[in-house]
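K.L.:
what shape does this take:
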Amino acid sequence: MEHYVGLDVSLKLTSICIVDRTGKVERDGVVASDPEAIATFIKLHAPHLVRIGLETGATSTWLWTELNKIGLPVICIDARHAKAVLKMQ
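P.N.:
Numbering: from 1, shown residues only. I've put the predicted structure just below:
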């Protein structure tokens, strides 16, 4: 089963949502906005990880870099563009 992860990042906390390829929520949670804490949660609950989506923002460059160093397949997306794409479906 493939897993996809969405991150909603604030300065202190990050909400994590893990879905399968149909969009069914498999797991969600909140962890500290720390790359190691985020990586630990994802590795534990999304063993078949395909992609992590991270919204653009003040900490996105730092977090993208750190998650990539850990070896996670993360991409940074603009929320406005994502919303427009979803409306087209």
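K.L.:
pLDDT weak spots in this protein?
P.N.:
The chain contains residues with pLDDT under 70 at 81-83, 85-86, 88-89.
K.L.:
what about the helices in it?
P.N.:
35-45, 60-70, 79-88 (DSSP state H).
K.L.:
may I see those helices organised as a markdown table, with distance to residue 13 added?
P.N.:
For every residue, glycine as well, the C-beta is placed using N, CA and C. Formatted as a markdown table, those follow (distance: least, C-beta to C-beta, whole Å):
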| stretch | distance to residue 13 |
| --- | --- |
| helix 35-45 | 10 |
| helix 60-70 | 13 |
| helix 79-88 | 18 |
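K.L.:
count of neighbours near residue 19?
P.N.:
As a burial measure, residue 19 scores 17 neighbours (other C-beta atoms under 10 Å).
K.L.:
same question, residue 61
P.N.:
Neighbours of residue 61 using other C-beta under 10 Å come to 12.
K.L.:
can you check residue 52 too?
P.N.:
25.
K.L.:
tell me who's in contact with it.
P.N.:
Contacts for residue 52 were tallied using C-beta atoms under 8 Å, 6 or more residues apart in numbering; they are 4-7, 42, 67, 72-75.
K.L.:
now with 7 Å, please.
P.N.:
For residue 52, the contact set (C-beta atoms under 7 Å, 6 or more residues apart in numbering) comprises 5, 7, 42, 67, 72-74.
K.L.:
measure the nearest residue to residue 56 once chain neighbours are set aside to residue 67 for me?
P.N.:
Take residue 56 and drop its neighbours on the chain: the residue closest to it by C-beta to C-beta, 6 or more residues apart in numbering is residue 78, 5.1 Å away. For residue 78, the distance to residue 67 (C-beta to C-beta, to the nearest Å) stands at 18 Å.
K.L.:
and residue 5, by the same measure?
P.N.:
10 Å.
K.L.:
next, count neighbours for the residue nearest to residue 56.
P.N.:
12.
K.L.:
repeat for residue 59
P.N.:
15.
K.L.:
contacting residues around the closest residue to residue 11 other than its chain neighbours?
P.N.:
Distance criterion C-beta to C-beta, 6+ apart; nearest residue to residue 11, sequence neighbours excluded, is residue 33 at 6.2 Å. For residue 33, the contact set (C-beta under 7 Å, 6+ apart) comprises 9-14, 59.
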